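# Here is my input, please return the structure:
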Amino acid sequence: LLILGIPIILSIGIYTYSLKTTINQSNKMNDVLMSSVKSEIDNHINEIDKMLNRVALDADVQYATIIKNCFTSKDQIRLYHLVDTLQNLNMTDEFIEDIFIYFNNTGTVSSIKGNMSGELYYHLYYENSEYDFVKFEELMKQDYFKKIVLIHKLNGETILLFTMKTLVTVSGQDSGMIVIAVNQRNLQKIVENMKWDESLRIFVMNGSNEVINTDQYKELADDLDYKNLQDDDHFYKDIMGERYVVSVEGSDMIDWKYVCMTPNDLIQKSAKSIHNFSLIGLFICILVGAYFSYFLAKSNYNPLKGIVDLFRGQASRSVNQEKNEYQWLKEEAENIFKERMDT
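Here you go, the predicted structure:
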């Protein structure tokens, strides 16, 4: 029982240690993963922020904001230069899909796709389920400085609109809105390229509990509350009948949380693999030990046992069952030497 019990105890210890080590390594890998996701996405957001400020300070933009009612033929060269500027800016970052400016005074849009009325631009490129044109126009005129708006276009694409008000006109009126559009798939591409296992669930959540990089994990995210997600945190969560280890990293730029959900089965599987290899190694060690025990017994114990049997056949005293036979052999040898010395 002792011989059988030792491997069992060792296997339990090895599995416990393997599981603990695997969990720690998984958390470390997720920390590195989420730091990489955070760093890359935050860098893009920082570039978008700089670009919004760059557009707001552009001379052609400031000129266009003071035009009342409609643009005339003499304004066209300025608008042409503005479109050219926006196109050049868009080429500097593949993460960005579109840049446009909505001018309140004229109801027109200047974008990388050209100059046109706001209504035409909306129906061509941004018709969506959340905002009809009237609401979209109201959104462009709302009184806030910066905001990120999530919309679902009728063609099935999900777009993030990074908005910022242009400089206020001399009269103090709001002049318009600068918008930089980012396709959801560009966020998801960053996440997918950094996964170390396909079973990981990684998403970006904003302050409104919306998943903004994919529509795939919305049901999972519904069980997570943005307010309860602490930066650099790891915790277990049972969601939809499956247990996950949840890792959280907070953005340094905006109110986003980067969340990684690792299936507990993945960690258990890794620990079991280590455990199985350890058991195989332990079994091999037992076999090798048994072989060497047999070999040593054959080469050392058997000849010695033959001597014991020889003495036993010649000795006048029998072996005491409570006494070790080698101890008995020693005493018999001492008696023989003593008898010889006495004679």
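# Flag every buried residue along the strand or helix carrying Thr262.
Take DSSP states H and E as the rule and Thr262 turns out to sit in strand 257-263. Of all the residues in strand 257-263, those buried under the rule 16 or more other C-beta atoms under 10 Å are Lys257, Tyr258, Val259, Cys260, Met261, Thr262, Pro263. Every C-beta, even on glycine, is put in place using the N, C-alpha and C of the backbone.
# now the helices for the stretch 1-150 of the chain?
2-56, 59-65, 76-90, 118-121, 133-141 (DSSP state H, counting those that start in this stretch).
# Val248 is in contact with Gln230, isn't it?
Yes - in this structure, Val248 is within contact of Gln230 by C-beta atoms under 8 Å, at 6.3 Å.
# so what's Glu334 up against?
Contact analysis of Glu334 by C-beta atoms under 8 Å, 6 or more residues apart in numbering lists nothing.
# and it, what element?
Counting by DSSP H and E, Glu334 is found in helix 325-342.
# next one: Asp238
Going by DSSP H and E, Asp238 is in strand 233-239.
# Okay, buried residues for the helix or strand just after that strand please.
Note on strand 233-239: by DSSP H and E, the next helix or strand toward the C-terminus is strand 242-250. Of all the residues in strand 242-250, those buried under the rule 16+ other C-beta under 10 Å are Tyr244, Val245, Val246, Ser247, Val248, Glu249, Gly250.
# Closest one to Asn105 out of those residues, please.
Gly250 (39.2 Å; C-beta to C-beta).
# sorry, back to before: and the angle from the strand holding Thr262 to strand 242-250?
150 degrees (axes from the mean of the first three to the mean of the last three C-alpha atoms, to 10 degrees).
# Surely Asp225 and Asn209 touch.
Yes - at 7.0 Å, Asp225 counts as touching Asn209 under the criterion of C-beta under 8 Å.
# Can you pick out the residue with more neighbours from the two?
Per other C-beta atoms under 10 Å, whichever of Asp225 and Asn209 has more neighbours is Asn209, with 15 against 10.
# Could you report the neighbour count for Ile45?
Count around Ile45 with other C-beta under 10 Å applied: 19.
# Nearest spatial neighbour of it, chain-adjacent residues omitted?
Excluding the flanking residues, the one nearest Ile45 by C-beta to C-beta, 6 or more residues apart in numbering is Met253, at 4.4 Å.
# Next, the contact list for the one you found, please.
Counting by C-beta under 8 Å, 6+ apart, Met253 has contacts Asp42, Ile45, Asn46, Asp49.
# per-residue pLDDT, the first one?
The one in question is Asp42. Looking at Asp42, its pLDDT is 94.
# That one: how many residues sit nearby?
16.
# My guess is it contacts Tyr258. True?
No - look at Asp42 against Tyr258 with C-beta under 8 Å: they stay out of range, at 9.2 Å.
# how does the protein divide into domains?
18-41+196-267, 57-186, 270-342 (automatic domain parsing).
# Quick one: the ones you listed as TSV, columns for distance to Ile9 too.
Output for the domains of the chain, formatted as TSV (distance: least, C-beta to C-beta, whole Å):
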stretch	distance to Ile9
domain 18-41+196-267	15
domain 57-186	52
domain 270-342	11
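# Least confident of those domains, on average?
Looking at the domains of the chain, the bottom one is domain 270-342 with a mean of 68.
# Report the contact partners of the nearest residue to Asn90 once chain neighbours are set aside.
With sequence-adjacent residues excluded and distances taken as C-beta to C-beta, 6+ apart, Asn90 is closest to Ile112, at 4.9 Å. Listed by C-beta under 8 Å, 6+ apart, the contact set of Ile112 reads Val83, Leu86, Gln87, Asn90, Asp98, Ile99, Phe100.
# ditto for Asn213
Asn213 touches Gln184, Leu187, Gln188, Val191, Phe203, Val204, counting by C-beta under 8 Å, 6+ apart.
# Can you say which of these are buried?
Gln184, Leu187, Gln188, Val191, Phe203, Val204.
# one step back: any residues in contact with both of Asp42 and Tyr258?
Common neighbours of Asp42 and Tyr258 (C-beta under 8 Å, 6+ apart) are Ser251.
# Pull out the buried residues from stretch 128-143.
In stretch 128-143, counting by 16+ other C-beta under 10 Å, buried: Asn128, Tyr131, Phe136, Glu137, Leu139, Met140.
# contact partners of that stretch?
For stretch 128-143, using C-beta under 8 Å, 6+ apart, the contacting residues are 102, 104, 107, 118-119, 122-123, 126-127, 149-154, 159, 163, 174, 176-177, 179.
# So the spatially most central residue of the chain versus Gln188, what's the distance?
With distances taken as C-alpha atoms, centre = their mean, Cys260 lies nearest the centre of the chain, 4.2 Å away. Distance, Cys260 to Gln188, using C-beta to C-beta, to the nearest Å: 14 Å.
# what does Tyr131 give?
In terms of C-beta to C-beta, Tyr131 sits 23 Å off from Gln188.
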